[in-house]
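[1] Fold the following and give me the result.
(chains A, B, C and D)
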There are 2 protein chains.
Amino acid sequence: MDRLKVLVVDDESRMRKLVKDFLSRSNYEVIEAENGEQAVDIFFEQKDIALIILDVMMPKMDGWQACREIRQYSKVPIIMLTAKSDEKDELLGFELGVDEYISKPFSPKILVARVEAIIRRTMVKDEETLEIGGILVDKAAHQVKIDGVNVDLSVKEFELLSYFIKNKGVALSREKILNNVWNYDYFGDARTIDTHVKKLRSKMGEKGDYIKTIWGMGYKFEVE
Amino acid sequence: MDRLKVLVVDDESRMRKLVKDFLSRSNYEVIEAENGEQAVDIFFEQKDIALIILDVMMPKMDGWQACREIRQYSKVPIIMLTAKSDEKDELLGFELGVDEYISKPFSPKILVARVEAIIRRTMVKDEETLEIGGILVDKAAHQVKIDGVNVDLSVKEFELLSYFIKNKGVALSREKILNNVWNYDYFGDARTIDTHVKKLRSKMGEKGDYIKTIWGMGYKFEVE
DNA sequence: GAAACTGTTCACAAATTTTACATAGGTATC
DNA sequence: GATACCTATGTAAAATTTGTGAACAGTTTC
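    Numbers count the residues shown, from 1 in each chain, chains lettered A, B, ... in the order given. Coordinates of the predicted model:
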């Protein structure tokens, strides 16, 4: 896999360099920003930033505001650097959806450890690879394994299965499926889904039963 | 709105008191239990507990087991208090459907902040799952559980039950039911409802009695 | 250019749900 | 307790939805 990108935001270049050194050594790609405004801009330009380390005190736009703006559109993990461990700050942070606090001064090793822990935690949820009930969906490789055996799926089948698994346990109407797996302006017949479901089920063998029909409503993926 | 009820479960009364003090100040009504067994009993008696704070280590029935038993019947948010942040515990918790972890010792303020955050979060979803008297209607999954057991309902049955529960305690005329569960331009016989009620009652077993007939008027859903 | 593969649509059988109806059983009113 | 209504229930028809195989056009592969 490619190196993961971490956005480090601090107005002190010395601090950025310190963090960058340690993270680079752990094989992260570090991108720097020197204030909140720049951070927000970069974040939305890059689109594949895995984690943000955000200083609270900064000119132009402080860490809280930057966090607020990013949280409106993204669930990217955010680590806040606070000058001292202030309970009030921490409480504010919870509301804003901060994942972790580290108070200055900190040990770079601990910073790296926490970054790794968070990345590990979120990677699982990140649906780069989905796994459930012996079904492994590797989005990067565009490949599906069932009980360790490769199963060849077409693009549509792959996307449909991914969508099912991402929404496991949720009843999905055909309309909803069309809007998400097909394009929003798709013009065709909703029954097309049935055909793809049929193929998926047959290719998935006995695990095909995980795709359940909800009569009069749509489909649902559920392991059991 | 009434004050929301929080059930605090811990064998140390000192700990319960601490939590209670802070939550009361934030306008929650706190109910105490000193072990898992008591917690489960109280939870099912009260029926309108908004959140549970559950200690892991307790006599009689530990937090995990209590969580397991409650989860069979309810999706009430659960916060676990763990002695130390143990990753293994946390993974077990995820499977059981724990919403949040707080490791002892903790700051009471942070506890309150997390409680508020979870309440806020679940309030939004709250319209998607209805729960009453051991009947759990999960609109997202389009699924009904009675006493923890799945009950298969057809779409109409599902909608009818949802409508009943949403209007629990209210007498509903057949006309009103038709207008809400069926389309406004429905042309058929109002007696159709009787048939669906019949099926619902039979599928719901003894809880079918919650659907009461109001002679000459219609039906009413009421738990008792 | 033939063969193989994809994504779609269609038609029809199969499955399931919804509705109608007939009859039996209850309930209120006088 | 007789009467008029209203509701419960079983049966079966009607309507709707889904599963499936086949066909078709567009692409890619060899």
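[2] separation between the closest residue to A:G205 other than its chain neighbours and A:Y219?
    Spatial nearest neighbour of A:G205, excluding adjacent residues (Cβ to Cβ, 6 or more residues apart in numbering or on different chains): A:I146 at 6.9 Å. Heads up, the C-betas are built off the backbone N, CA and C, glycines and all. Counting by Cβ to Cβ, to the nearest Å, the gap from A:I146 to A:Y219 is 18 Å.
[3] And for A:V115?
    Taking Cβ to Cβ as the measure, A:V115 falls 39 Å from A:Y219.
[4] likewise A:G188?
    17 Å.
[5] same deal with A:V155?
    19 Å.
[6] Pick out whichever of A:I146 and A:Y219 has more residues nearby.
    Using other Cβ atoms under 10 Å in any protein chain shown, the more surrounded residue of A:I146 and A:Y219 is A:Y219, with 22 against 18.
[7] Helix or strand: which one has that one?
    Element membership for A:Y219 (DSSP states H and E) is strand A:218-221.
[8] before we move on, what about A:L51?
    Counting by DSSP H and E, A:L51 is part of strand A:49-55.
[9] Contacts for that strand, please.
    Strand A:49-55 is contacted from outside by A:4-12, A:15, A:19, A:28, A:31, A:36, A:39, A:42-43, A:63, A:66-67, A:70, A:76-81, A:111, A:115, A:118-119, A:122, using Cβ atoms under 8 Å, 6 or more residues apart in numbering or on different chains.
[10] What of stretch A:175-193?
    Residues contacting stretch A:175-193 (Cβ under 8 Å, 6+ apart): A:K156, A:E159, A:L160, A:Y163, A:R174, A:G218, A:Y219.
[11] Might you calculate how far stretch A:161-180 sits from the centre of the chain?
    Chain-centre distance of stretch A:161-180: 18 Å, with Cα atoms, centre = their mean, to the nearest Å.
[12] Now do the contacts for the residue lying closest to A:S162 once chain neighbours are set aside.
    Leaving aside its sequence neighbours, A:S162 sits nearest to A:V137 (Cβ to Cβ, 6+ apart; 5.6 Å). Taking Cβ under 8 Å, 6+ apart, we find A:V137 in contact with A:T129, A:L130, A:E131, A:V144, A:F158, A:L161, A:S162, A:I165.
[13] Which two among those are spaced furthest apart?
    A:E131 and A:F158 (14.9 Å; Cβ to Cβ).
[14] Those two - which one has more neighbours?
    Applying other Cβ under 10 Å to A:E131 and A:F158 shows that A:F158 carries more neighbours, namely 20 against 13.
[15] can I assume that one sits in a strand?
    No - counting by DSSP: H, G, I helix; E, B strand; the rest coil, A:F158 falls outside a strand, being helix.
[16] That one against A:V144, yeah?
    Yes - applying Cβ atoms under 8 Å, one finds A:F158 in contact with A:V144, separated by 6.7 Å.
[17] Can you give me the domain boundaries for chain A?
    A:4-125, A:129-221 (automatic domain parsing).
[18] right, so of these, which gets closest to DNA strand C?
    Ranking the domains of chain A by their distance to DNA strand C (criterion: Cβ to the nearest atom of the strand) puts domain A:129-221 first, at 2.7 Å.
[19] Now do the end-to-end distance for the closest one.
    The straight-line separation of the ends of domain A:129-221 (Cα to Cα, to the nearest Å) is 17 Å.
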